[in-house]
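Participant: Sequence and computational prediction follow.
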Amino acid sequence: MTVEAQPVAELPDPADFGLAVVPEDELPSELLTLVGRVHELADAVAHTEADPAELAEASAAVAALTERLGARRRDIGAMVRRQRPGGRTEYGTLANIVSGPVNPAAPPLVLERTDEGVRGEVVLNGTYQGPPGLVHGGWLAALLDEALGTAAGAAGMPGLTANLDVDYRRPTPLNAPLTVAARVTGTERRKVFVSAEIRHNGEVTAEGTAIMVRIAPIG
Ligand SMILES: CCCCCCCCCC(=O)SCCNC(=O)CCNC(=O)[C@H](O)C(C)(C)COP(=O)(O)OP(=O)(O)OC[C@H]1O[C@@H](n2cnc3c(N)ncnc32)[C@H](O)[C@@H]1OP(=O)(O)O
């Protein structure tokens, strides 16, 4: 395969494209704690059998909190800047639905670079349920997509997913440790070919390939 999608030595600063950038170490620990609590809250709500009076009380408390916290909203599209070992700088979408550190709906999946590509571990709670007791296939595709995109970015070739193919090999359990890994397998002009898989107990439960297309402003 030809190698014409050349990696860039240094990724551009998203601030140059008008996006807000928040250094990771400036995120208040109180916010991260709140995100974790709301993440757990969603699972509790999805599975509660509390009685109606308790539910009404909880609903009023949540509505009050929503109004209070929503009064000062960050811009959609804000990015997080992370300093990595060796002085490397990485950017991610702050409220990314899969890996965003401030998104309570995100598992979140934290992906680290490896010699091969990227790898991370994640546990999906009951809010990611599709079939009874199992992870929803759309969420598995989302995890794969994120890993595939991050692998391309980590290789210095960030882009958008043009095509995603997923094979579901085994049922993926909820509330169990999963590993997600991805790597670049080839390039051709602006196309970056990537592959990824999700494993439980070492066994592949889902795997996928994607074509990421490097986009002009960040190419
Ligand atoms: C550090 C970053 C970490 C990021 C992690 C986040 C991961 C999450 C990734 C996502 O979820 S991205 C969101 C979902 N994807 C999108 O919203 C993309 C929507 N599609 C588009 O914006 C455009 O279609 C796209 C930018 C992908 C391509 O349009 P372009 O006009 O820039 O490219 P063009 O159509 O000229 O195609 C360029 C090459 O890609 C090929 N291509 C385009 N679409 C394709 C497709 N669907 N399948 C196969 N190949 C495709 C096309 O044939 C061509 O190949 P050749 O070089 O061989 O001529």
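Facilitator: Perfect, thanks for sending it.
Participant: who touches the worst-scoring helix or strand of the chain on mean pLDDT?
Facilitator: Lowest on mean pLDDT, DSSP states H and E among the helices and strands of the chain sits strand 88-93, with a mean of 91. By C-beta atoms under 8 Å, 6 or more residues apart in numbering, the surrounding residues in contact with strand 88-93 are 10-11, 13-14, 21, 77-84, 99-100, 153-154. Just so you know, the C-beta spots here come from the backbone N, C-alpha and C atoms, and that holds for glycine as well.
Participant: Need the three-state assignment for the residue of the chain most remote from its centre.
Facilitator: Centroid-distance maximum for the chain: Ala53 at 36.2 Å, with C-alpha atoms, centre = their mean. Assigned by DSSP: H, G, I helix; E, B strand; the rest coil, the conformation of Ala53 is helix.
Participant: Where does pLDDT dip in this protein?
Facilitator: Along the chain, segments meeting pLDDT under 70 span 1-11, 216-219.
Participant: burial count for the residue nearest to Ala147 when sequence neighbours are not counted?
Facilitator: Spatial nearest neighbour of Ala147, excluding adjacent residues (C-beta to C-beta, 6 or more residues apart in numbering): Ala182 at 3.8 Å. A count of nearby residues for Ala182, using other C-beta atoms under 10 Å, gives 32.
Participant: buried sites along the least confident helix or strand of the chain?
Facilitator: 90-93 (16 or more other C-beta atoms under 10 Å).
Participant: Val204 and Ala196: what is the separation?
Facilitator: 10 Å (C-beta to C-beta, to the nearest Å).
Participant: More neighbours: the two, which one.
Facilitator: Counted by other C-beta under 10 Å, Val204 and Ala196 do not tie: Ala196 has more neighbours, with 27 against 15.
Participant: Throw together a PyMOL command that grabs the buried residues out of the contacts of strand 88-93.
Facilitator: To isolate the buried subset of the contacts of strand 88-93 in PyMOL, counting by 16+ other C-beta under 10 Å, use the following:
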select buried, resi 11+14+78+79+80+81+99+100+153+154
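Participant: what pairs with the least confident helix or strand of the chain, and is each one parallel or antiparallel?
Facilitator: Paired strands of strand 88-93, with direction, are strand 79-84 (antiparallel) (DSSP bridges).
Participant: Spell out which residues of this protein are next to the ligand.
Facilitator: The chain comes close to the ligand at residues 145-146, 149-150, 153, 158, 160-163, 189-191, 211, 213, 215, as judged by C-beta under 6 Å from any ligand atom.
Participant: Could you work out the most separated pair of those?
Facilitator: Pairwise distances across the residues of the chain next to the ligand peak at 23.9 Å for Glu146 and Arg189 (criterion: C-beta to C-beta).
Participant: Settle it for me: which of these two has more neighbours?
Facilitator: Glu146 (26 against 11).
Participant: How much space separates the closest residue to that one other than its chain neighbours from Leu109?
Facilitator: Once flanking residues are discounted, Glu146 sits nearest to Val98: 4.0 Å by C-beta to C-beta, 6+ apart. Between Val98 and Leu109 the computed distance is 5 Å (C-beta to C-beta).
Participant: coming back round to it: how is the residue nearest to Ala147 assigned, secondary-structure-wise?
Facilitator: Under three-state DSSP, Ala182 comes out as strand.
Participant: Bridged to it, which residues?
Facilitator: Going by DSSP bridges, Ala182 forms beta bridges with Val118, Ala196.
Participant: Perfect, that will be all.
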